[in-house]
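Student: Predicted structure and sequence below. I'll ask about it afterward.
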Amino acid sequence: MTAAGPVALPPAAAPARRLGLVYEGRTDGERYGSWALCNRRLLGALRRLGVLVHVRRPGDPRPVGAAVADGWVSHYYPGLEPAGRFVLPPLGIPWFPWVAWEAGPPPEDWLEAWHAGRAREVWACSAHARRLLLSAGGPHALDPARVKVQPYGVDPAVFRPSGETWPVEREGVFRVLYLGGAVYRKGCDLAIRAYCRAFAPQEPTGLVLKLQGRGSFYRDAPAIQAPEDRADWQLAVSDRYSDAEVAALVRSVDVVVQPYRAEGFCLPLLEAMACGVPVVYPAHGPAPEYVPRDAGIAVGVCRGEPDVDDLARALRWLWKHPAERAAMGAAGREAAARHSWRAVALRVRAGVLGGSAGGEGDEAHEQQGVGHDEPEDEQEPGPGVAPHARQPATRKAAAKKASPAGTSAPRGGL
């Protein structure tokens, strides 16, 4: 009997190569705002997916070999950079410029750069922003098939209904919060006018303004003046609050109002929803894409101007209907849970690998919804938690009644 020879084993499969990605953008939210905050949050999610991420400052002259990169994502605002424009990546690396845009056609130099750099796709942060990008005509008009919707996200482990809250000076007060810059397009002035129209000074209500970029990109914004004869409002002006501190602030209020005139995405709305707080927002722009109708109140808009009377009526109605507020908060939380930064990272990876970050027409985004930092996905609470399921505050946060010029350093409680 002949002994059997050794069994030939098949050659070992080569280990799958990890996706290599050059990610061009800033991560300092204090100086570069929401663009940088989105980058910081997304980078952690990409790394947790195993993506090899090489982060570069915009315009960094150091060479990057094409062999180490499957794609090059540029997510930054050129107007905040020394060059004032997009700096083209090396030819041979698929380029994916990703932008937020809020009003009118995009700048011509953006279009020229995307053509000169042979961008494989251009990613817009919302279907609204995509429509604006495609509204540009001329020799550098964009091919609709190459303009995709890549919305932003939220960290549901940080922005959640339960957790720390900011200390309060008075119990039983209905608090309204605005988060964003004091610039015209953001509608901070409309939030103030609507609040003053909705509530009398003697009523148990309060307005909180969390202003962004006062010392950097919005340094030229007008000073916020205290409404005449009103002491029921407070101002937080620091850009140094952590994601956890901002989430604690959101959990401390009863409604978030963002009456923007023009906006590319509006992250505060999604973050408020994730915290189980109902929202008031304009029925135009990007918000209707991801805010369900039962998560807040959409107000009328006339020629790009949210109606102040509608805003005031919405705020007062929410004050008088706590049960409906709770239901809206639960609906918002459930919707926001679908828009984690992990979901954004999966779409980015698919887009770079040759899938689509979104659809050409992105009908789903057009019709209904579709993304601060790590950690995320570790202990994600279930959706539908009522906004009143909040834990007592365990630490001091910062806010104070504003001076008439609105520039004092915040301290104390709400």
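Tutor: Nice, thanks for sending it over. Numbering: from 1, shown residues only.

Student: residues near H115, how many?
Tutor: Per other CB atoms under 10 Å, the neighbour tally for H115 reads 13. (C-beta placed from N, C-alpha, C; glycine too.)

Student: My read is that it contacts H140, right?
Tutor: Yes. If you go by CB atoms under 8 Å, H115 and H140 touch, sitting 5.2 Å apart.

Student: and L91, what does it touch?
Tutor: L91 makes contact with G117, R118, according to CB atoms under 8 Å, 6 or more residues apart in numbering.

Student: Give me the distance between it and V352.
Tutor: In this view, L91 and V352 are 17 Å apart by CB to CB, to the nearest Å.

Student: Looks to me like V53 is in a strand.
Tutor: Yes. According to DSSP: H, G, I helix; E, B strand; the rest coil, V53 belongs to a strand.

Student: I'd assumed W98 was in contact with F86.
Tutor: No. Checked against CB under 8 Å, the pair F86 and W98 is beyond contact range at 11.4 Å.

Student: any residues in contact with both of the two?
Tutor: With contacts taken as CB under 8 Å, 6+ apart, F86 and W98 have S74 as neighbours in common.

Student: which residue ranges form the helices in the chain?
Tutor: For the chain, the helices defined by DSSP state H cover 29-48, 108-116, 127-134, 188-198, 243-251, 267-274, 287-290, 308-320, 322-336, 341-352, 363-367.

Student: For the ones you listed, give me TSV that also has distance to K148.
Tutor: What follows is the helices of the chain, written out as TSV (distance: least, CB to CB, whole Å):
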stretch	distance to K148
helix 29-48	16
helix 108-116	13
helix 127-134	8
helix 188-198	31
helix 243-251	27
helix 267-274	19
helix 287-290	14
helix 308-320	33
helix 322-336	22
helix 341-352	7
helix 363-367	10
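
Student: and Y23, which of these is closest to it?
Tutor: Counting by CB to CB, Y23 lies closest to helix 29-48 out of these; the figure is 6.5 Å.

Student: Okay, buried residues for the closest one please.
Tutor: The neighbour-count check on helix 29-48 (16 or more other CB atoms under 10 Å) flags 29-30, 32-46, 48 as buried.

Student: swap in stretch 301-308?
Tutor: Neighbour-count burial for stretch 301-308 [16+ other CB under 10 Å]: V301, P306, D307, V308.

Student: Name the nearest of the residues you listed relative to V255.
Tutor: P306 (15.1 Å).

Student: you'd agree the closest one is up against A298?
Tutor: No. In this structure P306 lies outside contact range of A298 using CB under 8 Å: 9.7 Å.

Student: list the residues that contact both of the two?
Tutor: Residues touching both P306 and A298 (CB under 8 Å, 6+ apart) are P282.

Student: circling back: got a markdown table for the buried residues of stretch 301-308, with pLDDT too?
Tutor: What follows is those, written out as a markdown table (pLDDT from 0 to 100):
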| residue | pLDDT |
| --- | --- |
| V301 | 96 |
| P306 | 97 |
| D307 | 97 |
| V308 | 97 |
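
Student: What is the most widely separated pair among those?
Tutor: Maximum distance among these (CB to CB): 11.2 Å, for V301 and V308.

Student: residue contacts, the residue nearest in space to the middle of the chain?
Tutor: By CA atoms, centre = their mean, the mean C-alpha position of the chain lies nearest to L267, the distance being 2.6 Å. By CB under 8 Å, 6+ apart, the contact set of L267 is S34, L37, C38, Y152, V154.

Student: Which residue ranges make up each domain of this protein?
Tutor: 20-149, 174-339+380-401 (automatic domain parsing).

Student: if you compare these, which one is most tucked away?
Tutor: Of all these, domain 174-339+380-401 carries the top mean neighbour count, a mean of 20, counting by mean count of other CB atoms under 10 Å.
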